[in-house]
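> sequence plus the predicted model coming up.
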Amino acid sequence: MTTPVRVAVTGAAGQIGYSLLFRIASGTMLGPDTPVDLQLLEITPALGALEGVRMELDDGAFPLLNSITCTDDADVAFGDADVAILVGSMPRKAGMERADLLSANGGIFKPQGEALSRSAKKDVKVLVVGNPANTNALIAMNNAADLDPGRFTAMTRLDHNRAISQLATRLNSQGESVSVNDIKKMTVWGNHSVTQYPDLSHCEVAGKNALELVGDQEWYANEYIPTVAKRGAAIIDARGSSSAASAASAAVDHIRDWTLGTPDGDWVSMSVPSDGSYGVPEGIISSFPCVCKDGNYEIVQGLDINDFSREKIDASAAELVGERDAVTELGLI
Ligand SMILES: NC(=O)c1ccc[n+]([C@@H]2O[C@H](COP(=O)([O-])OP(=O)(O)OC[C@H]3O[C@@H](n4cnc5c(N)ncnc54)[C@H](O)[C@@H]3O)[C@@H](O)[C@H]2O)c1
Ligand SMILES: O=C(O)C[C@H](O)C(=O)O
């Protein structure tokens, strides 16, 4: 049998975990020929609920699911992990300031970065989903002394997928006949927050420029961008809890593409450590257009950035720099 891939998931008994684990077990993330070992981390009080999830995973009789480990010890969960999806975090509660949230999550992502460094494979692929995802990833990265910083990424794939879907809906309402499959080269820049910038200037729809097809800068600036950026809040309003199945689906997309590659002629949005590309300061984890091949990602180079895009990319980068400065002040990095 092919050696199973060890996939660690934190916050495994939560909402996203409930959707994510079954898709990983079914082979949707790593392909139909790759067995998996699931290494699931929860806080001690949630181990009972996690046991229930394990029972349901057993009941799925998934042919690719080689083993399931449930633990409250990060070194066990991350032991020899090939992939680590960090979902468990403390979401913002009423009355909490950003600094409170960053500090509470520092208590989670600092020790988890240290445990990844001690226990995971050196080429582990880390995806941080738990919010504030970009800065949580930065905290983990900065506390993982023995790992290459490039192993740490954060999730903006949900924003990318939302941007594609909203564009298809708009074009169909204009009388075009567009499927999400026709939309290529979508880019979300910046932070997984309201300052994110879903950029249509390089996006293609069946080979045509998306912005030209839309032909309505006012809609782009004042409806499309805010709708994508505030979609998370709209889901919370409608459902009473934050997005879960779509977030799990995006996590599967992110790890699948990083592992198996992006299609020729297309790219995806991933939050990765900035190397200074497009004027985004080094020392933050920000969303860029990325191509993946042979298990590696690269930031797409050479795209023209117009004045409108420049302003939006700079604003989101400035927010990330502010978050980095706050966690530096808190002694987390
Ligand atoms: N990046 C994105 O696009 C995106 C999208 C949706 C949700 N999110 C974020 O994902 C996170 C999880 O969402 P959810 O709906 O699954 O939340 P949830 O509250 O249902 O589940 C979170 C789980 O994490 C666990 N947990 C808390 N601290 C932990 C720790 N130190 N170690 C291990 N587990 C721990 C909790 O016990 C809980 O079971 C939230 O921060 C949410 O805001 C991000
Ligand atoms: O917006 C949120 O708080 C939840 C999540 O990050 C989302 O984008 O759905």
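Perfect, thanks for sending it. Ligands and ions are numbered 1, 2, ... in the order given.

> pick out the residue closest to the middle of this structure.
Closest to where the C-alpha atoms of the chain average out (C-alpha atoms, centre = their mean) is Met155, at 1.3 Å.

> neighbours of the closest residue to that residue other than its chain neighbours, how many?
Leaving aside its chain neighbours, Met155 sits nearest to Val129 (4.9 Å; criterion: C-beta to C-beta, 6 or more residues apart in numbering). C-betas here are computed from N, CA, C, even on glycine. By the criterion of other C-beta atoms under 10 Å, Val129 has 28 neighbours.

> please apply the same query to the one 5 residues further on.
Each residue near Asn134 was counted by other C-beta under 10 Å, and the total is 28.

> likewise the one 5 residues further on?
Counted with other C-beta under 10 Å, the burial measure for Ile139 works out to 29 neighbours.

> could you tell me whether Thr69 really is in a strand?
Yes. If the criterion is DSSP: H, G, I helix; E, B strand; the rest coil, then Thr69 is within a strand.

> now do the closest residue to it other than its chain neighbours: how many residues are near it, please.
Closest residue to Thr69 apart from its sequence neighbours, by C-beta to C-beta, 6+ apart: Gln39 at 4.7 Å. Neighbourhood size, Gln39 [other C-beta under 10 Å]: 25.

> before we move on, the earlier item: quick one, what contacts the residue nearest to Met155?
16, 85-87, 154-155, 247, 251 (C-beta atoms under 8 Å, 6 or more residues apart in numbering).

> among these, which lie within strands?
Members of the contacts of Val129 lying in strands (criterion: DSSP state E): 85-86, 154.

> reformat those residues as JSON lines; add distance to ligand 1 and neighbour count.
What follows is those, written out as JSON lines (distance: C-beta to the nearest ligand atom, whole Å; neighbours: other C-beta atoms under 10 Å):
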{"residue": "Ile85", "distance to ligand 1": "10", "neighbour count": "30"}
{"residue": "Leu86", "distance to ligand 1": "8", "neighbour count": "28"}
{"residue": "Ala154", "distance to ligand 1": "7", "neighbour count": "31"}
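
> how about the residues of this structure by ligand 1?
10-11, 13-17, 41-43, 46, 87-89, 91, 108, 129-131, 133, 155, 158, 192, 242-244, 247 (C-beta under 6 Å from any ligand atom).

> restricted to helices, list those residues.
Of the residues of the chain next to ligand 1, the ones assigned to helices by DSSP state H are 15-17, 108, 133, 158, 247.

> in the stretch 201-333 of the chain, which spans are helices?
Here the stretch 201-333 of the chain has its helices, by DSSP state H, counting those that start in this stretch, at 210-214, 217-219, 225-229, 231-239, 245-260, 307-329.

> confidence score at the residue in the stretch 201-333 of the chain positioned nearest to ligand 1?
Distance from ligand 1 to each residue of the stretch 201-333 of the chain (C-beta to the nearest ligand atom) is smallest for Ala247, at 3.5 Å. We note a pLDDT of 98 for Ala247 in this prediction.

> for Ala206, see how far away it is.
28 Å (C-beta to C-beta, to the nearest Å).

> rewinding a little: and ligand 2, which of the ones in helices among the residues of the chain next to ligand 1 contact it?
Among those, proximity to ligand 2 is found for Leu158 (C-beta under 6 Å from any ligand atom).
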